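[1] I would like the atomic coordinates for the input below:
(chains A and B)
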Amino acid sequence: MTSSLLHPPAHLPPSVALHLSQQAPLLLQNHSTSKLPISIPFLSTSETPETWAILENLLLSCLRTGDDKSARLCVEKLTERFGEENDRVMGLQGLFEEAVAENDADLEELMAEYDAILKENPTNMPIAKRRIALLRSTGKLEEATVALVAFLDSSPTDAEAWAELADLYLSQGLFSQTIYCLEEVLLIVPNAWNIHARLGEVIYMSAQVSGESGIEKLLVDSIRRFCRSIELCDDYLRGFYGLKLTTGRLLSLLPQNFKPASTVINPAAGEPAPPTLAYVQRLNEIATAKLAEIVRRSNAGEKGWDGYEQAEIIAARALLDKDVAKVEK
Amino acid sequence: MTILSKSLTLVGSILLFHACYSAHEHTALYHTPSSSALSGASRFTSSFRLPLGSQSSSSSQSAAASTSTSSSSSTDLPLDIILETLLSVLVICLGLVLGANELRPIAWRVWAGQLERTKGASAASGADKSEIAAGNPFRALEERVGFWDVRAQRKDFANWVRGGDPDVKVD
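    As a prediction, the model looks like this:
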């Protein structure tokens, strides 16, 4: 359980977060008693690099579950160790203030505080991110977008910020901007298989709302992204799910107006030729087989196959069942 | 597997120690008589003069010849010590290799697949544990702790508690 405190708890289900935050009083108590009255460098082993990571993640868990007392203790300990002026500590303090803010006036006051800090030191990244997050949280999506674009102008290699901007654009329904941002993320971390899958999903979404004209090209793009995510990660449920969904959609479109040579290919731009019908069919078959295997092995509880989330397994099974029902009809 | 590797390493170490000790004893045994014989021979031929003296070059040559013949026959390490040394090193190597942790995947997709497929520390062994518990390192790009919307998270959690999930009452 302590090992799970070593990693940011944002994705954990509520029950686990509750469990973690319930350990907080005990952990904080241990933390204070193990400290010597005089700190002797190299001799006192009370401080390890993990100590502070655990404390920070504990803070996040406590804020989420509403244990503000423990959260305040965490912030105080971090402040005591790293000082008031530390960027990261300032960000965490801001996070805490946001969590305990009771009304909009508090939030506005906090916003003014963020602005003042940034005026003094514009390179305080954690505070700049908190400011954008607060703008978004209070529903000012456009302001948040503008601020985030300015942030990325000054720090264009921040993959987290690019991913946030993509999410922000997606929440406003701007698909092409979202795709651009996700491609920027992939420039920074080209091996992130989940971002490849995410990009495939976004392209698929944009294909769903686009007219008849460009839908095939978008679907082919989406298939390519999912294929890449599978290439980077064996047995990637999300990738195979997307592959099956997109190839199925493309197959349902293709027979009506099947002319693979009709799309203009520009070899100079490095654009690959669209796949043939047989190829798409094979991809669909592979994805179906692989999804069936994953669902079967995960449900059987085989050793080393227990890491998939139950909701994902259920969704995959539903997709497979839908396919079977269609065939039977 | 660990007991086998440990015992192999132990046996190999004992053998190696024994071989070293034998070699040491062997040189201790044979060094003194040969040097005394050499000094006796030089005393006999050149009467306490240094063997490198100009007038006794022939005698020094003969002394060198006598040492070389005696070393090849009696002061060389016997074959059994050499064989014991080689064997013990091999056994130690075998023990260490057998006792090594499970190899981690070299191929990116295998490694990534392992992270996605397995949960926590249940399946992994050794140094892999914490890595697998961490899961996909790129998930941070979808969580974005820096931009964490703490108020929405608190609201979600409160809703979950009110929803009366049975998990709440476990502890």
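[2] scan chain A for its longest helix.
    The longest helix of chain A (DSSP state H) is helix A:277-299.
[3] which residue packs closest to whatever residue of chain B ends up closest to chain A, ignoring adjacent ones?
    For chain B, the residue closest to chain A is residue B:113, as judged by CB to the nearest CB, at 2.8 Å. C-beta here means a position set from N, CA and C on the backbone, and glycine is covered the same way. Distances taken as CB to CB, 6 or more residues apart in numbering or on different chains place residue A:234 nearest to residue B:113, at 2.8 Å, with adjacent residues excluded.
[4] ok, how many other residues are close to the nearest residue to residue B:150 once chain neighbours are set aside?
    Leaving out its chain neighbours, the residue that sits closest to residue B:150 by CB to CB, 6+ apart is residue A:99, at 4.6 Å. Look at residue A:99: counted by other CB atoms under 10 Å in any protein chain shown, it has 20 neighbours.
[5] which residues belonging to the helix or strand harbouring residue A:99 are considered buried?
    Using DSSP states H and E, residue A:99 falls within helix A:87-100. By 16 or more other CB atoms under 10 Å in any protein chain shown, the buried positions in helix A:87-100 come out as A:87-100.
[6] go on, stretch A:277-293?
    Buried-residue list, stretch A:277-293, by 16+ other CB under 10 Å: A:280, A:283-284, A:286-288, A:290-291.
[7] also stretch A:177-195?
    In stretch A:177-195, counting by 16+ other CB under 10 Å, buried: A:177-179, A:181-182, A:184-186, A:188-189, A:192-195.
[8] pretty sure the residue of chain B closest to chain A is touching residue A:236, no?
    Yes: under the criterion of CB atoms under 8 Å, residue B:113 makes contact with residue A:236 at 7.0 Å.
[9] I'd like the buried residues of helix A:87-100 as CSV, with distance to residue B:106 appended.
    Formatted as CSV, the buried residues of helix A:87-100 follow (distance: CB to CB, whole Å):
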residue, distance to residue B:106
A:87, 38
A:88, 35
A:89, 40
A:90, 42
A:91, 37
A:92, 38
A:93, 43
A:94, 42
A:95, 39
A:96, 43
A:97, 47
A:98, 44
A:99, 43
A:100, 48
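[10] domain ranges for chain B?
    Domain assignment for chain B, taken from automatic domain parsing, gives B:2-98, B:108-163.
[11] which SS class is the closest residue to residue B:117 other than its chain neighbours?
    Computed as CB to CB, 6+ apart, the closest residue to residue B:117 that is not its neighbour in sequence is residue A:307, at 5.0 Å. Secondary structure assignment for residue A:307 (DSSP: H, G, I helix; E, B strand; the rest coil): coil.
[12] okay, residue A:307: pLDDT?
    Here the pLDDT value assigned to residue A:307 is 79.
[13] just give me the neighbour total for the nearest residue to residue A:200 once chain neighbours are set aside.
    Nearest in space to residue A:200, with sequence neighbours left out and distances taken as CB to CB, 6+ apart, is residue A:225 at 3.4 Å. Neighbour count of residue A:225, defined by other CB under 10 Å: 26.
[14] show me what the helix or strand that contains residue A:225 is packed up against.
    Element membership for residue A:225, per DSSP H and E: helix A:215-232. Secondary-structure packing of helix A:215-232 (3 or more CB pairs under 8 Å, 6 or more residues apart in numbering or on different chains; DSSP states H and E): helix A:193-209, helix A:237-253, helix A:277-299, helix B:108-117.
[15] tell me how far the helix or strand following the longest one lies from the chain's centre.
    The first helix or strand that comes after helix A:277-299 along the chain, using DSSP H and E, is helix A:310-328. Here helix A:310-328 shows a centroid-to-chain-centroid distance of 25 Å under the convention CA atoms, centre = their mean, to the nearest Å.
[16] what's the answer for stretch A:281-290, then?
    Between the centre of stretch A:281-290 and the centre of its host chain there is 27 Å, according to CA atoms, centre = their mean.
[17] got a list of contacts for that stretch?
    Stretch A:281-290 has contacts (CB atoms under 8 Å, 6 or more residues apart in numbering or on different chains) with A:223, A:227, A:235, A:240-241, A:243-244, A:247-248, A:251, A:275, A:320, A:323.
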